[in-house]
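Colleague: sharing a model that was predicted from the sequence below.
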Amino acid sequence: MQARFLTLFSSSKGNAAYIKYGRDEILIDCGVSAAMIERALRSVGSSLANISALFITHEHGDHIRGLPVICRKVGMPVFAPVNSCAYLEPSVANAKSRLHPLVSLQPVELFDTVVCPIKTPHDSLDSCGFRIKAGDEKLGYFTDIGHLSENILRGLSGCRRVVIESNHDIEMLKRGSYPAALKRRILGENGHLSNDACSKLLPHLAEHGTESVALAHLSEENNRPLVALAAAFSALDSAGVLALTAEREPVADIFGQDPVISPAASMKVQVAPTCGAIEL
Ligand SMILES: [Zn+2]
Ligand SMILES: [Zn+2]
């Protein structure tokens, strides 16, 4: 049995991802309206009513916009970083019984998956990303990270599939129309991960077993999918790792022989769309 791992929405306008493994259906973040999330879940064969746990990375609007309505309609438990909880409480119906604080490096055991929150450097009250164990497989989900901490690197190590932030092209951001203070915030240690920083990480991930990556939380103002992909491909190329797009993925198994390209030497790289589900 293999986990399903999808991004549903990904950008500074709103984020959500979906994981299904065994008896668990997990929603990570709900940064667009409840109706949009319901539509996206239905398009991949699920529904808010099926979600067994909702995990929040942090309390910024693009990660929690749908929270109040979702919590009024559906009764799943909500897990959020401990210092975000007081802020989120008014948005969570029956918060006393269903809002659970996440403490970095303290895993949450669901039925068939184990979700380990890992603190992320970001300018919110609190924030985390996730390393998820689904059977023998590990999955990584990290967005809104100013820089790659030692614990994030360790958390990503061995994750076969990874959603990772590739927020901005540094030159586009510097030349762009954002106010100076906002530029400084985004570029800072607790801001967002640039294409450059993200792409430098990819060869390291490939070395540690990552086969599929979705570049996530792209800035609509200071990035373009092809710019983020080009940075990723060039870094992988320099390290001797063959970067594959979703379309170029080899399907050699049907011919009854080994895949042409060994997984350790290649990585599937795609951009998580602003709106629209993709499977890792
Ligand atoms: Zn965000
Ligand atoms: Zn944020």
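Modeller: It's in. Ligands and ions are numbered 1, 2, ... in the order given.
Colleague: need the helices for the chain, in chain order.
Modeller: 34-43, 61-64, 67-73, 85-88, 95-98, 150-156, 170-175, 180-187, 195-207, 225-238 (DSSP state H).
Colleague: what's the longest one packed up against?
Modeller: Meaning helix 225-238. Here helix 225-238 touches helix 195-207, strand 212-216, strand 242-244, strand 266-271, going by 3 or more CB pairs under 8 Å, 6 or more residues apart in numbering; DSSP states H and E. Any C-beta I mention is one placed from the backbone N, CA and C, and that applies to glycine too.
Colleague: can I get these in TSV including mean pLDDT and mean neighbour count?
Modeller: As requested, the helices and strands packed on helix 225-238 are exported to TSV (pLDDT from 0 to 100; neighbours: other CB atoms under 10 Å):
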stretch	mean pLDDT	mean neighbour count
helix 195-207	95	21
strand 212-216	96	26
strand 242-244	84	18
strand 266-271	91	22
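Colleague: who wins for proximity to Glu137 among the ones you listed?
Modeller: Closest of the helices and strands packed on helix 225-238 to Glu137 is strand 212-216, at 11.0 Å (criterion: CB to CB).
Colleague: packing partners for the closest one?
Modeller: Packing partners of strand 212-216 (3+ CB pairs under 8 Å, 6+ apart): strand 161-165, helix 195-207, helix 225-238, strand 266-271.
Colleague: from Leu187, how far off is Ser194?
Modeller: Distance, Ser194 to Leu187, using CB to CB, to the nearest Å: 8 Å.
Colleague: who has more neighbours, those two?
Modeller: Ser194 (26 against 15; other CB atoms under 10 Å).
Colleague: can you tell me who that one pairs with across the strands?
Modeller: Judged by DSSP bridges, the bridge partners of Ser194 are His168.
Colleague: hang on, isn't Ile145 packed against Ser194?
Modeller: No: Ile145 lies out of contact with Ser194 (CB atoms under 8 Å); the separation is 10.5 Å.
Colleague: what's the nearest residue to Ala34 if we skip its chain neighbours?
Modeller: Val69 (3.8 Å; CB to CB, 6 or more residues apart in numbering).
Colleague: I'd say the one you found and Cys30 touch.
Modeller: No: because the distance of 9.0 Å does not satisfy CB under 8 Å, Val69 is recorded as not touching Cys30.
Colleague: for Ser127, which non-adjacent residue is closest in space?
Modeller: Nearest to Ser127 is His58, by CB to CB, 6+ apart, at 3.6 Å.
Colleague: who touches that neighbour in this structure?
Modeller: Residues near His58 by CB atoms under 8 Å, 6 or more residues apart in numbering: Ala80, Pro81, Ser84, Thr120, His122, Ser124, Leu125, Asp126, Ser127, Cys128, Asp144.
Colleague: and the residues you listed, which is closest to Leu173?
Modeller: Proximity of the contacts of His58 to Leu173 (CB to CB) peaks at Asp144, which lies at 15.5 Å.
Colleague: below-threshold pLDDT in the chain: ranges please.
Modeller: Within the chain, the segments meeting pLDDT under 70 span 246-264.
Colleague: one more time with 80
Modeller: Where the chain drops to pLDDT under 80, the residues are 245-265.
Colleague: excluding chain neighbours, give the residue nearest to whichever residue of the stretch 101-250 of the chain sits closest to ligand 1 in space.
Modeller: Here the stretch 101-250 of the chain gets closest to ligand 1 at one residue, Asp144, 4.5 Å apart by CB to the ion. Once flanking residues are discounted, Asp144 sits nearest to His122: 4.7 Å by CB to CB, 6+ apart.
Colleague: can you give me the distance of that neighbour to Asn223?
Modeller: His122 sits 18 Å away from Asn223, going by CB to CB.
Colleague: same question, Lys183
Modeller: According to CB to CB, Lys183 stands 14 Å off from Asn223.
Colleague: write out the residues of the stretch 1-150 of the chain neighbouring ligand 2.
Modeller: Contact residues, the stretch 1-150 of the chain versus ligand 2 (CB under 5 Å from the ion): His60, Asp144.
Colleague: one more time with 8 Å
Modeller: Residues of the stretch 1-150 of the chain found near ligand 2 (CB under 8 Å from the ion) are Thr57, His58, His60, Asp62, His63, His122, Asp123, Ser124, Ser127, Thr143, Asp144.
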